[in-house]
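J.: need a 3D model of the sequence below.
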Amino acid sequence: MLLKYIFKRLLIAIPTLLVISFMVFMIIQLPPGSFLDTKMEQMELEGQVDLLEIQRLEETYHINSNLTVQYFYWLGGFMIGDLGEDFDTGEKVSSIIAELLPYTAIISFCTILITWMIAIPAGVIAAINKNNPTDYTISFVGLIALATPNFIAAIIFQVVIQAMYPNFSPTGLWSDEYNDVPWYHWDAFIDICKHLVVPTFVIALSGTAGMIRLLRTNLIDELKKQYVLCARARGLHPALVVMKYPFRVAINPFISGIGGILPALISGSMVISIVLALPTLGPKLLEALMGQNTYLASSIVFIQCILAVLGILISDILLAIVDPRIKFDSK
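T.: Numbers count the residues shown, from 1 in each chain. So this is what the prediction gives:
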């Protein structure tokens with residue numbers, strides 16, 4: 001049943017992704033002009049127009065061809081692993097993604113871990129202690145975190161940590177002395193862990209606050225239902241009454257949120273990455289979009305779409321495993 005469901009979803013995903021890829025490529029081409037126009041303007045300002053270079057770019061990327069033709073060239077290369085080149089530097093797009101994606105994934109994974117570690121126990125405690133000082137305190141702190149813009153929190157934490165530890169720079173993911181040291185060396189690994197504290201905590205602030213409110217509300221609704229009252233009347237331990245069934249139902253939004261987690265591995269928090277000078281794909285995507293760097297921008301956004309479709313599939317499967325009320329469609 002499960003394998004049949006996964007196979008059916010994957011068959012549906014193929015035409016979905018093809019339509020998405022076409023829309024992504026066309027939308028990125030919507031702004032007037034092209035990278036080639038920008039390149040020629042830059043050459044004119046420098047006083048040296050290299051016509052051979054312009055001709056090479058036109059032939060390589062089929063810029064003078066119809067947009068549909070350009071799309072099929074890009075898609076064909078994408079399917080065989082050739083994501084094209086960065087128009088600015090000539091570097092392979094696949095190399096750029098391979099370089100920046102691991103750092104983006106590390107930050108996102110640590111953020112998700114911290115968010116769940118804080119939000120789940122805080123949400124459960126707030127629901128159990130509804131309308132008492134503990135609940136009010138958790139809700140008050142959560143609302144402050146939710147209302148504080150992430151980039152403001154990033155600047156505040158950056159200034160505070162710089163003042164407390166003058167020899168430590170909270171920007172970036174490693175100190176200058178470890179630029180040429182592999183991450184798996186112990187000292188370099190410890191340095192990266194220290195630098196991860198600020199971005200992961202800042203990015204997790206609003207997400208944690210929102211999840212606490214969501215889990216609290218869902219759990220309070222479940223605790224009012226008859227099966228919970230019957231379990232209490234039978235004399236079950238209070239912790240077992242909460243965690244066995246109500247919690248499993250109330251946590252569904254966390255699992256369904258996985259569909260949005262995987263694409264976030266690429267974009268992450270773009271503003272935070274810029275403020276803290278993090279080597280992630282978010283700022284690179286923004287730079288590519290602003291410069292009409294078609295191959296780089298299209299590849300990054302399309303990979304995000306693939307991860308979104310995959311994330312939704314994973315969340316659906318996990319929901320059916322966690323919540324016994326959800327069954328796979330056998331038709």
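J.: how about low-confidence regions in the protein?
T.: 1, 33, 258-269, 323-331 (pLDDT under 70).
J.: remind me what the longest helix seen in it packs against, helices and strands.
T.: Taking DSSP state H as the criterion, the chain has its longest helix at helix 186-223. On a contact count with 3 or more C-beta pairs under 8 Å, 6 or more residues apart in numbering; DSSP states H and E, helix 186-223 meets helix 93-128, helix 133-147, helix 150-164, helix 246-250, helix 252-256, helix 270-275. Quick note: C-beta positions are derived from backbone N, CA and C, even for glycine.
J.: so what does the next helix or strand after the last one touch, helix or strand wise?
T.: Following the chain from helix 270-275 toward its C-terminal end, the next helix or strand by DSSP states H and E is helix 281-290. For helix 281-290, the elements it packs on are helix 93-128, helix 258-267, helix 270-275, helix 294-322, judged by 3+ C-beta pairs under 8 Å, 6+ apart.
J.: export the helix or strand just after the longest helix of the chain as CSV, just CAs?
T.: Where DSSP H and E defines the elements, the next helix or strand beyond helix 186-223 is helix 226-233. Provided in CSV are the C-alpha atoms of helix 226-233 (Å, rounded to 0.1, in the frame of the first residue of the first chain):
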residue,chain,number,x,y,z
GLN,A,226,-14.3,12.9,25.5
TYR,A,227,-11.6,10.2,25.0
VAL,A,228,-9.2,12.3,27.2
LEU,A,229,-11.8,12.7,29.9
CYS,A,230,-12.4,9.0,29.8
ALA,A,231,-8.7,8.3,30.1
ARG,A,232,-8.5,10.6,33.2
ALA,A,233,-11.5,8.9,34.7
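J.: quick check: buried residues in the following helix or strand past helix 226-233?
T.: Sequence-wise, the next helix or strand downstream of helix 226-233 (DSSP H and E) is helix 238-244. By neighbour count on 16 or more other C-beta atoms under 10 Å, the buried set for helix 238-244 is 241-242.
J.: go on, stretch 12-22?
T.: Burial within stretch 12-22, assessed by neighbour count using 16+ other C-beta under 10 Å, is assigned to 13, 17, 20-21.
J.: likewise for stretch 211-219?
T.: Buried, per 16+ other C-beta under 10 Å, within stretch 211-219: 211-216, 218-219.
J.: list of residues touching it?
T.: Contact with stretch 211-219 is made by 115-116, 118-120, 122-124, 126-127, 135, 138-139, 142, 146, 242, 246-247, 249-254, as judged by C-beta atoms under 8 Å, 6 or more residues apart in numbering.
J.: of these, grab the buried ones for PyMOL.
T.: For the buried members of the contacts of stretch 211-219, the matching PyMOL selection, counting by 16+ other C-beta under 10 Å, is:
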select buried, resi 115+116+118+119+120+122+123+124+126+127+135+138+139+142+242+246+247+249+250+251+252+254
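J.: format the helices and strands packed on helix 186-223 as JSON lines; extra columns: distance to residue 178.
T.: What follows is these, written out as JSON lines (distance: least, C-beta to C-beta, whole Å):
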{"stretch": "helix 93-128", "distance to residue 178": "13"}
{"stretch": "helix 133-147", "distance to residue 178": "31"}
{"stretch": "helix 150-164", "distance to residue 178": "18"}
{"stretch": "helix 246-250", "distance to residue 178": "42"}
{"stretch": "helix 252-256", "distance to residue 178": "35"}
{"stretch": "helix 270-275", "distance to residue 178": "19"}
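J.: looking at those helices, spot the one closest to residue 3.
T.: Nearest to residue 3 among these is helix 252-256; the distance by C-beta to C-beta comes to 20.4 Å.
J.: which elements pack onto the closest one?
T.: By 3+ C-beta pairs under 8 Å, 6+ apart, helix 252-256 packs against helix 93-128, helix 186-223, helix 294-322.
J.: roughly how far is stretch 173-185 from the heart of the chain?
T.: 24 Å (C-alpha atoms, centre = their mean, to the nearest Å).
J.: and the end-to-end length of it?
T.: Between the start and the finish of stretch 173-185 there is a gap of 15 Å, counting by C-alpha to C-alpha, to the nearest Å.
J.: ok, and what's touching it?
T.: With contact meaning C-beta under 8 Å, 6+ apart, stretch 173-185 is reached by 103, 107, 168-169, 187-189, 191-192, 195-196, 278-279.
J.: which among the residues you listed end up buried?
T.: The neighbour-count test (16+ other C-beta under 10 Å) marks 103, 107, 188, 191-192, 195-196, 278-279 as buried among those.
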